[in-house]
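# Sequence plus predicted model, see below.
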Amino acid sequence: MFSEEMFSDEVIKENLALSFIASSGKLLTEPTPSMIYEYAIESLRRSKLVEGEFEIVWGPAVLKADEDGTGENRQDDFVIYMAKNLKNPDDYRVAIRGTVTPFDAVVDLDIDQVEWNSVYSNSPSGLKISEGASIASNTIIKGQSNNLPGKDLTLFDFINTLSSQSGKGIDVTFTGHSLGGCLAMTLALYYKLRFSEKESSINKFDVKVHCCTFAAPTAGSKMFVNYAAKIFNGEIESGDTYQSKFLRVFNTNDLVPCAWVSDELRRFRNLYDDVSPVPENIKKFVLDSVVSSLDELPAGDRYTQPNPVLMFSFPLTRETSDWKVQVGYQHGDAYPGFYNLISKDVDLNSKNVEDIIIVVK
(Lines give C-alpha, C1' and ligand atoms only; values in the text may rest on other atoms or scores of the structure.)
Protein backbone atom coordinates (compact mmCIF):
# COMPACT_ATOMS: atom_id res chain seq x y z
CA MET A 1 0.00 0.00 0.00
CA PHE A 2 0.91 3.67 -0.23
CA SER A 3 3.56 4.86 2.17
CA GLU A 4 3.85 8.53 3.07
CA GLU A 5 7.63 8.11 2.83
CA MET A 6 7.33 7.44 -0.89
CA PHE A 7 6.05 10.85 -2.02
CA SER A 8 5.07 13.65 0.33
CA ASP A 9 1.80 15.50 -0.25
CA GLU A 10 3.82 18.51 -1.39
CA VAL A 11 5.71 16.48 -4.01
CA ILE A 12 2.46 14.87 -5.21
CA LYS A 13 0.90 18.32 -5.67
CA GLU A 14 3.98 19.52 -7.55
CA ASN A 15 3.73 16.51 -9.85
CA LEU A 16 0.04 17.20 -10.41
CA ALA A 17 0.71 20.82 -11.31
CA LEU A 18 3.54 19.89 -13.66
CA SER A 19 1.30 17.25 -15.27
CA PHE A 20 -1.44 19.81 -15.95
CA ILE A 21 1.10 22.31 -17.28
CA ALA A 22 2.03 19.69 -19.90
CA SER A 23 -1.35 20.49 -21.50
CA SER A 24 -0.40 24.10 -22.07
CA GLY A 25 -1.64 25.36 -25.44
CA LYS A 26 -3.92 22.38 -25.91
CA LEU A 27 -6.66 24.43 -27.58
CA LEU A 28 -4.40 26.00 -30.19
CA THR A 29 -5.71 25.01 -33.62
CA GLU A 30 -2.32 25.11 -35.38
CA PRO A 31 0.25 24.69 -32.62
CA THR A 32 3.96 25.00 -33.28
CA PRO A 33 6.67 23.84 -30.87
CA SER A 34 7.57 27.45 -30.05
CA MET A 35 3.93 28.31 -29.28
CA ILE A 36 3.57 25.35 -26.95
CA TYR A 37 6.84 26.32 -25.26
CA GLU A 38 5.52 29.85 -24.78
CA TYR A 39 2.32 28.59 -23.19
CA ALA A 40 4.17 26.13 -20.94
CA ILE A 41 6.50 28.85 -19.67
CA GLU A 42 3.53 31.15 -19.00
CA SER A 43 1.58 28.41 -17.24
CA LEU A 44 4.62 27.62 -15.10
CA ARG A 45 5.00 31.31 -14.28
CA ARG A 46 1.36 31.74 -13.28
CA SER A 47 1.08 28.61 -11.18
CA LYS A 48 1.41 29.68 -7.56
CA LEU A 49 2.26 26.13 -6.61
CA VAL A 50 5.42 25.67 -8.72
CA GLU A 51 6.27 29.20 -9.90
CA GLY A 52 9.88 29.95 -9.03
CA GLU A 53 10.37 26.35 -7.90
CA PHE A 54 10.96 24.64 -11.26
CA GLU A 55 12.36 25.55 -14.67
CA ILE A 56 12.02 23.68 -17.95
CA VAL A 57 15.40 22.30 -18.99
CA TRP A 58 14.40 20.01 -21.89
CA GLY A 59 11.49 20.50 -24.26
CA PRO A 60 8.64 20.67 -24.48
CA ALA A 61 9.23 18.14 -27.24
CA VAL A 62 6.23 18.41 -29.57
CA LEU A 63 5.97 15.10 -31.39
CA LYS A 64 3.88 13.54 -34.14
CA ALA A 65 3.47 9.78 -34.39
CA ASP A 66 4.64 8.07 -37.58
CA GLU A 67 1.46 6.00 -37.60
CA ASP A 68 -1.05 8.84 -37.24
CA GLY A 69 -3.76 7.85 -39.71
CA THR A 70 -6.42 10.32 -38.57
CA GLY A 71 -5.79 12.73 -41.42
CA GLU A 72 -5.23 15.56 -38.96
CA ASN A 73 -2.58 18.18 -39.66
CA ARG A 74 -1.71 18.80 -36.01
CA GLN A 75 1.91 18.18 -35.15
CA ASP A 76 1.44 17.70 -31.42
CA ASP A 77 0.23 14.14 -30.95
CA PHE A 78 2.43 13.97 -27.86
CA VAL A 79 4.07 16.62 -25.68
CA ILE A 80 6.68 15.97 -23.01
CA TYR A 81 9.08 18.18 -21.06
CA MET A 82 11.62 17.92 -18.26
CA ALA A 83 11.76 20.39 -15.37
CA LYS A 84 14.45 20.93 -12.76
CA ASN A 85 13.75 21.59 -9.08
CA LEU A 86 15.57 24.85 -8.35
CA LYS A 87 15.74 24.14 -4.62
CA ASN A 88 17.09 20.63 -5.13
CA PRO A 89 19.12 20.62 -8.37
CA ASP A 90 19.43 16.82 -8.38
CA ASP A 91 15.63 16.49 -8.60
CA TYR A 92 14.07 16.40 -12.08
CA ARG A 93 10.47 15.80 -13.16
CA VAL A 94 9.37 14.61 -16.62
CA ALA A 95 5.75 15.53 -17.42
CA ILE A 96 3.77 13.96 -20.27
CA ARG A 97 0.60 15.48 -21.72
CA GLY A 98 -2.70 13.59 -21.65
CA THR A 99 -5.32 13.21 -24.37
CA VAL A 100 -5.68 16.29 -26.58
CA THR A 101 -5.61 15.36 -30.28
CA PRO A 102 -7.83 12.92 -32.21
CA PHE A 103 -4.83 10.63 -32.51
CA ASP A 104 -4.46 10.61 -28.73
CA ALA A 105 -8.01 9.26 -28.58
CA VAL A 106 -7.02 6.56 -31.07
CA VAL A 107 -4.10 5.66 -28.80
CA ASP A 108 -6.44 5.52 -25.79
CA LEU A 109 -8.77 3.08 -27.53
CA ASP A 110 -6.15 0.94 -29.28
CA ILE A 111 -6.10 -1.88 -26.75
CA ASP A 112 -5.03 -4.67 -29.06
CA GLN A 113 -2.06 -6.20 -27.28
CA VAL A 114 1.57 -6.28 -28.40
CA GLU A 115 4.75 -7.43 -26.68
CA TRP A 116 6.51 -5.07 -24.26
CA ASN A 117 9.73 -5.90 -26.08
CA SER A 118 8.34 -3.80 -28.94
CA VAL A 119 9.39 -0.90 -26.68
CA TYR A 120 12.32 -2.34 -24.72
CA SER A 121 13.83 -5.05 -26.89
CA ASN A 122 15.97 -6.62 -24.18
CA SER A 123 13.04 -7.93 -22.16
CA PRO A 124 11.24 -11.27 -21.76
CA SER A 125 8.48 -12.28 -24.15
CA GLY A 126 4.90 -12.74 -23.00
CA LEU A 127 4.60 -9.29 -21.40
CA LYS A 128 1.66 -7.59 -23.12
CA ILE A 129 0.89 -3.88 -23.40
CA SER A 130 -1.65 -2.04 -25.48
CA GLU A 131 -0.68 -1.23 -29.04
CA GLY A 132 -1.55 2.41 -28.36
CA ALA A 133 0.89 2.58 -25.42
CA SER A 134 3.57 0.97 -27.57
CA ILE A 135 3.14 3.49 -30.41
CA ALA A 136 3.12 6.45 -28.03
CA SER A 137 6.09 5.23 -25.98
CA ASN A 138 8.22 4.60 -29.05
CA THR A 139 7.34 8.01 -30.50
CA ILE A 140 8.43 9.74 -27.31
CA ILE A 141 11.57 7.64 -26.79
CA LYS A 142 12.98 8.48 -30.21
CA GLY A 143 11.68 12.07 -30.18
CA GLN A 144 14.04 15.02 -29.96
CA SER A 145 13.36 18.34 -28.32
CA ASN A 146 12.29 20.84 -30.96
CA ASN A 147 12.55 23.71 -28.50
CA LEU A 148 15.78 25.33 -27.40
CA PRO A 149 16.14 23.59 -24.04
CA GLY A 150 17.94 20.41 -25.11
CA LYS A 151 17.20 21.08 -28.77
CA ASP A 152 17.86 18.13 -31.11
CA LEU A 153 18.53 15.78 -28.17
CA THR A 154 16.38 12.83 -27.15
CA LEU A 155 15.44 12.72 -23.48
CA PHE A 156 17.84 9.82 -22.93
CA ASP A 157 20.74 11.72 -24.49
CA PHE A 158 19.86 14.88 -22.59
CA ILE A 159 19.84 13.10 -19.23
CA ASN A 160 23.28 11.77 -20.11
CA THR A 161 24.52 15.37 -20.38
CA LEU A 162 23.54 16.11 -16.79
CA SER A 163 25.82 15.92 -13.80
CA SER A 164 24.95 15.53 -10.15
CA GLN A 165 25.76 18.66 -8.14
CA SER A 166 25.72 16.74 -4.88
CA GLY A 167 27.73 13.81 -6.22
CA LYS A 168 24.96 11.46 -5.11
CA GLY A 169 23.31 11.10 -8.51
CA ILE A 170 20.03 12.50 -9.80
CA ASP A 171 16.39 11.53 -9.37
CA VAL A 172 14.06 11.62 -12.38
CA THR A 173 10.32 11.30 -11.69
CA PHE A 174 7.97 10.63 -14.60
CA THR A 175 4.49 12.03 -14.11
CA GLY A 176 1.32 12.69 -16.08
CA HIS A 177 -2.46 12.86 -15.97
CA SER A 178 -4.75 10.48 -17.91
CA LEU A 179 -2.96 9.19 -21.03
CA GLY A 180 0.07 11.08 -19.72
CA GLY A 181 -0.07 8.96 -16.56
CA CYS A 182 -0.30 5.74 -18.54
CA LEU A 183 2.76 6.75 -20.55
CA ALA A 184 4.60 7.96 -17.45
CA MET A 185 4.52 4.38 -16.20
CA THR A 186 5.77 2.79 -19.44
CA LEU A 187 8.44 5.46 -19.93
CA ALA A 188 9.64 5.26 -16.34
CA LEU A 189 9.99 1.50 -16.76
CA TYR A 190 11.86 1.92 -20.06
CA TYR A 191 14.28 4.53 -18.72
CA LYS A 192 14.93 2.62 -15.51
CA LEU A 193 15.88 -0.39 -17.60
CA ARG A 194 18.01 1.74 -19.95
CA PHE A 195 19.87 3.45 -17.13
CA SER A 196 20.43 0.09 -15.46
CA GLU A 197 22.51 -0.97 -18.45
CA LYS A 198 26.16 -0.54 -17.54
CA GLU A 199 27.04 1.13 -20.83
CA SER A 200 24.08 3.51 -20.75
CA SER A 201 25.43 6.52 -18.89
CA ILE A 202 28.01 8.67 -20.68
CA ASN A 203 29.09 10.33 -17.44
CA LYS A 204 28.77 7.16 -15.35
CA PHE A 205 26.65 8.74 -12.64
CA ASP A 206 23.62 7.22 -10.99
CA VAL A 207 20.19 8.00 -12.41
CA LYS A 208 17.32 6.90 -10.19
CA VAL A 209 13.95 6.75 -11.92
CA HIS A 210 10.59 7.15 -10.17
CA CYS A 211 6.93 7.43 -11.23
CA CYS A 212 3.83 9.28 -10.03
CA THR A 213 0.64 9.03 -12.12
CA PHE A 214 -2.81 10.61 -11.96
CA ALA A 215 -6.07 9.26 -13.43
CA ALA A 216 -4.13 6.79 -15.56
CA PRO A 217 -5.64 3.95 -17.56
CA THR A 218 -3.54 0.83 -17.34
CA ALA A 219 -0.94 0.17 -20.01
CA GLY A 220 -0.72 -3.59 -19.87
CA SER A 221 -1.40 -7.09 -18.69
CA LYS A 222 -1.11 -8.75 -15.31
CA MET A 223 2.19 -10.36 -16.33
CA PHE A 224 3.51 -6.99 -17.55
CA VAL A 225 2.45 -5.19 -14.37
CA ASN A 226 4.03 -7.88 -12.17
CA TYR A 227 7.25 -7.60 -14.18
CA ALA A 228 7.20 -3.81 -13.86
CA ALA A 229 6.73 -4.09 -10.09
CA LYS A 230 9.89 -6.19 -9.85
CA ILE A 231 11.83 -3.64 -11.85
CA PHE A 232 10.57 -0.70 -9.80
CA ASN A 233 11.31 -2.62 -6.59
CA GLY A 234 14.88 -3.24 -7.72
CA GLU A 235 14.45 -6.99 -8.12
CA ILE A 236 16.49 -7.36 -11.31
CA GLU A 237 19.69 -9.18 -12.12
CA SER A 238 21.71 -6.30 -13.55
CA GLY A 239 22.98 -5.15 -10.17
CA ASP A 240 20.62 -2.19 -10.00
CA THR A 241 19.13 -2.68 -6.55
CA TYR A 242 17.50 0.63 -5.63
CA GLN A 243 13.77 0.79 -5.03
CA SER A 244 11.97 3.35 -7.14
CA LYS A 245 9.29 5.57 -5.72
CA PHE A 246 6.03 4.66 -7.42
CA LEU A 247 2.52 5.96 -6.81
CA ARG A 248 -0.73 5.78 -8.76
CA VAL A 249 -3.25 8.43 -7.67
CA PHE A 250 -6.85 7.94 -8.76
CA ASN A 251 -10.39 9.00 -8.02
CA THR A 252 -12.73 6.02 -7.56
CA ASN A 253 -15.49 8.01 -9.30
CA ASP A 254 -13.35 8.54 -12.42
CA LEU A 255 -14.06 6.37 -15.46
CA VAL A 256 -10.62 6.62 -17.07
CA PRO A 257 -8.63 4.63 -14.46
CA CYS A 258 -11.23 1.86 -14.91
CA ALA A 259 -9.78 1.25 -18.36
CA TRP A 260 -9.11 -1.49 -19.22
CA VAL A 261 -9.81 -3.59 -16.14
CA SER A 262 -13.06 -5.50 -16.61
CA ASP A 263 -14.06 -5.55 -12.92
CA GLU A 264 -13.53 -1.78 -12.69
CA LEU A 265 -15.61 -1.16 -15.81
CA ARG A 266 -18.39 -3.29 -14.30
CA ARG A 267 -18.27 -1.11 -11.21
CA PHE A 268 -18.55 2.04 -13.30
CA ARG A 269 -21.73 0.74 -14.94
CA ASN A 270 -23.92 2.01 -12.08
CA LEU A 271 -21.55 4.46 -10.44
CA TYR A 272 -23.47 7.63 -11.33
CA ASP A 273 -27.01 6.23 -11.12
CA ASP A 274 -28.15 8.56 -8.31
CA VAL A 275 -27.06 11.73 -10.11
CA SER A 276 -26.01 11.28 -13.75
CA PRO A 277 -26.93 7.74 -14.83
CA VAL A 278 -25.20 6.21 -17.79
CA PRO A 279 -27.84 5.49 -20.49
CA GLU A 280 -28.90 1.87 -20.73
CA ASN A 281 -27.86 1.63 -24.39
CA ILE A 282 -24.34 2.77 -23.48
CA LYS A 283 -24.22 0.25 -20.65
CA LYS A 284 -25.41 -2.57 -22.87
CA PHE A 285 -23.79 -1.92 -26.22
CA VAL A 286 -20.56 -0.26 -25.12
CA LEU A 287 -19.56 -1.10 -21.56
CA ASP A 288 -20.90 -4.64 -21.50
CA SER A 289 -19.43 -5.53 -24.89
CA VAL A 290 -16.02 -4.15 -23.92
CA VAL A 291 -16.09 -6.03 -20.63
CA SER A 292 -17.09 -9.22 -22.42
CA SER A 293 -14.13 -8.89 -24.81
CA LEU A 294 -11.70 -8.18 -21.99
CA ASP A 295 -12.94 -11.22 -20.06
CA GLU A 296 -12.00 -13.42 -23.00
CA LEU A 297 -8.29 -12.64 -22.59
CA PRO A 298 -6.15 -15.32 -20.90
CA ALA A 299 -5.72 -14.65 -17.17
CA GLY A 300 -2.13 -13.47 -17.48
CA ASP A 301 -2.97 -11.14 -20.37
CA ARG A 302 -5.90 -9.39 -18.74
CA TYR A 303 -5.34 -5.70 -18.15
CA THR A 304 -4.32 -4.89 -14.57
CA GLN A 305 -3.55 -1.68 -12.70
CA PRO A 306 -0.22 -1.29 -10.87
CA ASN A 307 0.28 -0.61 -7.17
CA PRO A 308 0.87 1.11 -4.77
CA VAL A 309 -2.10 3.43 -4.98
CA LEU A 310 -3.49 6.52 -3.32
CA MET A 311 -7.23 6.46 -3.96
CA PHE A 312 -9.93 8.94 -3.05
CA SER A 313 -13.61 9.36 -3.83
CA PHE A 314 -14.47 12.84 -5.03
CA PRO A 315 -18.13 13.79 -4.52
CA LEU A 316 -20.37 13.66 -7.57
CA THR A 317 -21.46 17.05 -8.76
CA ARG A 318 -25.23 17.44 -8.64
CA GLU A 319 -25.12 20.34 -11.07
CA THR A 320 -25.49 18.03 -14.07
CA SER A 321 -27.57 15.04 -15.07
CA ASP A 322 -25.37 14.47 -18.14
CA TRP A 323 -23.12 11.49 -17.47
CA LYS A 324 -20.52 12.74 -19.96
CA VAL A 325 -20.20 16.03 -18.06
CA GLN A 326 -19.90 14.05 -14.83
CA VAL A 327 -17.13 11.96 -16.38
CA GLY A 328 -15.22 15.11 -17.36
CA TYR A 329 -15.67 16.61 -13.91
CA GLN A 330 -14.48 13.48 -12.12
CA HIS A 331 -11.56 13.04 -14.50
CA GLY A 332 -10.39 16.65 -14.54
CA ASP A 333 -11.57 18.92 -11.71
CA ALA A 334 -11.51 16.19 -9.08
CA TYR A 335 -7.73 15.83 -8.93
CA PRO A 336 -6.81 19.43 -8.11
CA GLY A 337 -10.02 19.59 -6.06
CA PHE A 338 -8.90 16.73 -3.83
CA TYR A 339 -5.81 18.74 -2.91
CA ASN A 340 -7.78 21.98 -2.42
CA LEU A 341 -6.34 23.37 -5.63
CA ILE A 342 -8.11 24.81 -8.62
CA SER A 343 -7.38 24.77 -12.32
CA LYS A 344 -7.58 28.16 -14.00
CA ASP A 345 -7.86 29.30 -17.57
CA VAL A 346 -5.03 31.31 -19.07
CA ASP A 347 -5.56 34.03 -21.64
CA LEU A 348 -2.06 34.46 -23.04
CA ASN A 349 -1.21 37.80 -24.61
CA SER A 350 -4.92 38.57 -25.12
CA LYS A 351 -5.32 35.54 -27.39
CA ASN A 352 -8.71 33.96 -26.95
CA VAL A 353 -7.27 30.60 -26.08
CA GLU A 354 -7.80 28.91 -22.75
CA ASP A 355 -5.23 26.87 -20.94
CA ILE A 356 -4.91 24.93 -17.71
CA ILE A 357 -2.71 25.72 -14.78
CA ILE A 358 -3.02 24.89 -11.11
CA VAL A 359 -2.94 27.48 -8.34
CA VAL A 360 -3.48 27.26 -4.61
CA LYS A 361 -7.08 28.02 -3.68
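In hand now; what should we look at? Bear in mind that the values here come from a model prediction, so they are computed numbers and not experimental data. Numbering: from 1, shown residues only.

# Strands of the stretch 51-200 of the chain, start to end?
Under the criterion DSSP state E, counting those that start in this stretch, the stretch 51-200 of the chain contains strands at 54-63, 78-85, 91-96, 113-115, 128-130, 170-177.

# Let me see the confidence value for Pro306.
Model confidence at Pro306, expressed as pLDDT, equals 96.

# That one in helix, strand or coil?
coil (DSSP: H, G, I helix; E, B strand; the rest coil).

# Check the gap between it and Tyr81 for me.
Separation of Pro306 from Tyr81 (CB to CB, to the nearest Å) stands at 24 Å. For the C-beta atoms, the positions are set from N, CA and C on the backbone; glycine is no exception.

# contacting residues around the residue nearest to Ser313 when sequence neighbours are not counted?
Once flanking residues are discounted, Ser313 sits nearest to Thr252: 4.6 Å by CB to CB, 6 or more residues apart in numbering. Neighbour list for Thr252: 311-313 [criterion: CB atoms under 8 Å, 6 or more residues apart in numbering].

# Inside strands: which ones of these?
Taking DSSP state E, the ones among these that sit in strands are 311-312.

# For Glu30, state which of the contacts of Thr252 is nearest.
Minimum distance to Glu30 across the contacts of Thr252 is 37.9 Å, recorded for Phe312 (CB to CB).

# For burial, what's the neighbour tally of the nearest residue to that closest one once chain neighbours are set aside?
Residue nearest to Phe312 in three dimensions, not counting chain neighbours: Phe338, with 5.2 Å by CB to CB, 6+ apart. Burial measure for Phe338: 18 neighbouring residues, criterion other CB atoms under 10 Å.

# so how far is Val291 from Phe338?
Per CB to CB, Phe338 is found 27 Å from Val291.

# Ok, Leu187 next?
28 Å.

# same check, this time on Val207
Distance of Val207 to Val291, given as CB to CB: 40 Å.

# swap in Gly143?
35 Å.

# what stretches of the stretch 251-361 of the chain score poorly on pLDDT?
The stretch 251-361 of the chain contains residues with pLDDT under 70 at 345-355, 360-361.

# can you check the stretch 101-250 of the chain too?
198-205, 236-241.

# again, 50 this time
204 (pLDDT under 50).

# Let me know whether Ala83 touches Pro89 as I believe.
No - Ala83 is not in contact with Pro89 according to CB atoms under 8 Å; the separation is 11.7 Å.

# which of the two has more neighbours?
Ala83 (27 against 14).

# Contact partners for the nearest residue to the more buried one once chain neighbours are set aside?
The shortest distance from Ala83 to any non-neighbouring residue, by CB to CB, 6+ apart, is to Phe54 (4.2 Å). Taking CB under 8 Å, 6+ apart, we find Phe54 in contact with 14, 18, 44, 83-86, 93.

# ok, those residues vs Asp322, which is closest?
Using CB to CB, the contacts of Phe54 come closest to Asp322 at Leu18, 30.6 Å.

# and the closest one, how far is that from Phe338?
Distance of Leu18 to Phe338, computed by CB to CB: 17 Å.

# circling back: most surrounded residue in the contacts of Thr252?
Going by other CB under 10 Å, Phe312 tops the contacts of Thr252 with 15 neighbours.

# Quick check: bridge partners of that one?
Asn251 (DSSP bridges).

# Which pLDDT does the model give Asn23?
You called it Asn, but residue 23 is Ser. Value listed for Ser23 in the pLDDT field: 93.

# and it, that's in a strand?
No - assigned with three-state DSSP, Ser23 falls outside any strand and is coil.

# pretty sure it is touching Arg97, no?
Yes - applying CB under 8 Å as the test, Ser23 and Arg97 come out as touching, 5.4 Å apart.

# shared neighbours, the two?
Val79.

# re the thing from before, go through the strands of the stretch 51-200 of the chain and name the closest to Tyr39.
Per CB to CB, nearest to Tyr39 of the strands of the stretch 51-200 of the chain: strand 54-63, 9.0 Å.

# Tell me the strands beside the closest one, with direction?
Assessed with DSSP bridges, strand 54-63 is paired to strand 78-85 (antiparallel).
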